[in-house]
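In: Pasting a predicted model and its sequence here:
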Amino acid sequence: MAFLEYEALVCHGCGGFLPETTDADNAGKYVADLPHRCHRCDALAKQQEAYADSPQPNALKVWPVHLKE
């Protein structure tokens, strides 16, 4: 129950705490920094793209990703 209550108070777009992020006093006070690239997600997306035309690509559910040694 606590998790459901927590989820109800979190913005699904940015992960911010809604009572703070929707407060009119905070309008214009937020600044977005430059993004960070997740290199693990990058490798995963490239591998998934390579299999996009395979039969039943939705059935490919397990995508192991690891650091090269």
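Out: Alright, I've got the coordinates.
In: Show me which residues of the helix or strand where residue 48 lies are buried.
Out: Residue 48 belongs to helix 39-50 when assigned by DSSP states H and E. By neighbour count on 16 or more other C-beta atoms under 10 Å, the buried set for helix 39-50 is empty. (Glycine included, C-beta is placed from N, CA and C.)
In: which helices and strands sit right next to that helix?
Out: If contacts are counted by 3 or more C-beta pairs under 8 Å, 6 or more residues apart in numbering; DSSP states H and E, helix 39-50 sits against no helix or strand.
In: contact partners of it?
Out: 57, 60, 63, 65 (C-beta atoms under 8 Å, 6 or more residues apart in numbering).
In: In PDB, could you pull the C-alpha coordinates for it?
Out: Extracted as PDB, the C-alpha positions of helix 39-50 are listed here (Å, rounded to 0.1, in the frame of the first residue of the first chain):
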ATOM      1  CA  HIS A  39      26.200   3.400 -22.400                       C
ATOM      2  CA  ARG A  40      24.600   0.200 -21.200                       C
ATOM      3  CA  CYS A  41      21.200   1.400 -22.700                       C
ATOM      4  CA  ASP A  42      23.100   2.400 -25.800                       C
ATOM      5  CA  ALA A  43      24.500  -1.100 -26.300                       C
ATOM      6  CA  LEU A  44      21.100  -2.600 -25.500                       C
ATOM      7  CA  ALA A  45      19.300  -0.400 -28.000                       C
ATOM      8  CA  LYS A  46      21.800  -1.200 -30.800                       C
ATOM      9  CA  GLN A  47      21.400  -5.000 -30.200                       C
ATOM     10  CA  GLN A  48      17.600  -4.800 -30.100                       C
ATOM     11  CA  GLU A  49      17.600  -2.800 -33.300                       C
ATOM     12  CA  ALA A  50      19.700  -5.500 -35.000                       C
END
